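**Q** Starting from these lines, generate the structure:
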Amino acid sequence: MNCLVTGASGFIGANLVHELAARGHRVKALLRPSADVRGLEGASYEPIAGDLSDVANLTSALRGVEWCFHVAASYHLWLADYAPMYAANVEGTRNLIRAATDAGCSRIVYTSTVGCIGLPQNTGGLLIPTDESTPVSESQMRNHYKLSKWKAERVALEFAAAGAPVVIVNPSAPVGPRDVKPTPTGKVIVDFLKRALPAYLDTGLNWVHVRDVAVGHILAAEKGRLGERYILGNAEGNWTMKQALDILSDITGIPAPRFQVPYAVAYAAAVVDEGLAKLTRKPPKAPLAGVKMAKYKMFFSPAKAIRELGLPQTPPRQALEEAVQWFRSQNMAPWK
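**A** The predicted model follows:
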């Protein structure tokens, strides 16, 4: 297939380009001129310079494309001005899907986030992982990133309802190789390896190998039902932060942090940090949005994607092992 991947230099996007190329697909990668393309090293692709605001360029790039993967997003938990985030995530999505529909793409896979899925509730002391059918509303999108992605997902669903060949995927917390920035989840691993993680919050994520997420995008193009959402996660990956850090300790021999930061302390520190950020215009070390998100254990069920798409289920421990090896190989973290 002829494919276009937006956000191709990002963590998921780079891994998707590698997986598509490995399967013999022809890939155009939409890249900003300043993009860090280290994650794309070794992959076969055609670079296309541009961004989501240039409709004419998108139209040209999509000529002859059969599968369009819209992975690009502005992901920030703090900005001095959030308008560019909404422009990229919402209007950029509108521009891309309209152009891909007009170009006659047979599949448009939109990358959303589990942040747009309803959170699990504590029932009798148990947290039951939620799925795509869990009720959720815009009022629950309590930071700008989640709200912008929610609005972008609504745009994708509107196009699907009008007949566009859109399939939506909602990745959970991917880890693994090619996390160049790194992502916030990857930074936890890097900080752990640097022994710069003295404490942790009582939170939880659905940890999934980034390769499975990339393959899930391809499976969504091949098998996904139009207008449907699919959680790309791991059925065995619902771990608390303490569980994940203990496994990292077992993998590396580095002692896991023992101190759990009380939520109230983390919240107060974030408020002060953001107050200073407003004065200095420099990003806070601990954005308040991140602390608020950490209050909830983001446990999800990928059963639908496993059942309908055949989503692979690489053990999350292996994902952490490969992430550790990659960060060390890139000199982003020490070997000992």
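
**Q** okay, CA-based contacts and neighbour counts for the rest of this
**A** Will do.

**Q** quick one, what contacts the closest residue in space to residue 205 that isn't next to it in sequence?
**A** Here the nearest residue to residue 205 in space, its sequence neighbours aside, is residue 298; by Cα to Cα, 6 or more residues apart in numbering that works out to 4.9 Å. For residue 298, the contacting residues are 119, 120, 129, 203, 204, 205, 206, 238, by Cα atoms under 8 Å, 6 or more residues apart in numbering.

**Q** Same question for residue 249.
**A** Counting by Cα under 8 Å, 6+ apart, residue 249 has contacts 255, 256.

**Q** Same question for the one 10 residues further on.
**A** The neighbours of residue 259, taking Cα under 8 Å, 6+ apart as the test, are 198, 199, 200.

**Q** Make CSV out of those residues and add secondary structure.
**A** Listed next are those as CSV, based on DSSP: H, G, I helix; E, B strand; the rest coil:
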residue, secondary structure
198, coil
199, strand
200, strand
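
**Q** Pull out the buried residues from these.
**A** Taking 16 or more other Cα atoms under 10 Å as the criterion, what is buried in the contacts of residue 259 is residue 200.

**Q** so which of the contacts of residue 259 would you say is closest to residue 244?
**A** Of all the contacts of residue 259, the one sitting nearest residue 244 is residue 200; the distance, using Cα to Cα, is 10.8 Å.

**Q** Check what contacts the one helix or strand residue 58 maps to and list those residues.
**A** Using DSSP states H and E, residue 58 sits in helix 55-61. By Cα under 8 Å, 6+ apart, the surrounding residues in contact with helix 55-61 are 4, 28, 48, 50, 51, 52, 95, 96, 99, 100, 103.

**Q** surely the third one meets residue 29?
**A** Yes - proximity of residue 48 to residue 29 meets the contact threshold set by Cα atoms under 8 Å, at 5.7 Å.

**Q** Which one of the two is surrounded by more residues?
**A** Legend: neighbour count by other Cα atoms under 10 Å for residue 48 and residue 29, higher for residue 29 (26 against 19).

**Q** and the more buried one, backbone torsions?
**A** When read as degrees, to the nearest 10, the backbone of residue 29 gives phi -110, psi 110.

**Q** same question, residue 156
**A** With angles defined as degrees, to the nearest 10, residue 156 sits at phi -60, psi -40.

**Q** What separation is there between it and residue 179?
**A** Distance, residue 156 to residue 179, using Cα to Cα, to the nearest Å: 27 Å.

**Q** Nothing else from me, thank you.
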